[in-house]
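J.: Everything below, folded, please.
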Amino acid sequence: MKEKIGSDAGLVWKVLDAQGEKSVKELKKATKLVDKEIYAAIGWLAREEKLVFKQEEEDLFLSLT
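T.: Modelled structure (predicted):
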């Protein structure tokens, strides 16, 4: 399971690196990850202090540090 989360985190990182800031909804579409996978990957990257979070109304946007 840990390897899968790490792999998913790498996928999220690559999308953000290539395309810049994305909402969680946009990241789910770009990576084709389901809710539990995307949130685990975000948690992994957040723990490593690789993400910047921005809340706009109902949407959460992420970018790399």
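
J.: Tell me which residues touch A46, please.
T.: Counting by Cβ atoms under 8 Å, 6 or more residues apart in numbering, A46 makes contact with F53. (Glycine included, C-beta is placed from N, CA and C.)

J.: 10 Å instead, please
T.: By Cβ atoms under 10 Å, 6 or more residues apart in numbering, the contact set of A46 is A9, V52, F53, L62.

J.: And for Q55?
T.: F61 are the contacts of Q55 under Cβ under 10 Å, 6+ apart.

J.: Before we go further, it is sitting in a helix, right?
T.: No: Q55 is assigned strand when assessed by DSSP: H, G, I helix; E, B strand; the rest coil, not a helix.

J.: need the helices for this structure, in chain order.
T.: Along the chain, counting by DSSP state H, helices occupy 2-19, 24-31, 35-47.

J.: Which of these sits closest to E58?
T.: For these, proximity to E58 was assessed by Cβ to Cβ; helix 24-31 is nearest, at 9.9 Å.

J.: tilt between that closest one and helix 2-19?
T.: Interaxial angle, helix 24-31 versus helix 2-19 (axes from the mean of the first three to the mean of the last three Cα atoms, to 10 degrees): 100 degrees.

J.: What residues of stretch 37-47 count as buried?
T.: Residues of stretch 37-47 classed as buried: E37, I38, A40, A41, I42, W44, L45 (neighbour count, 16 or more other Cβ atoms under 10 Å).
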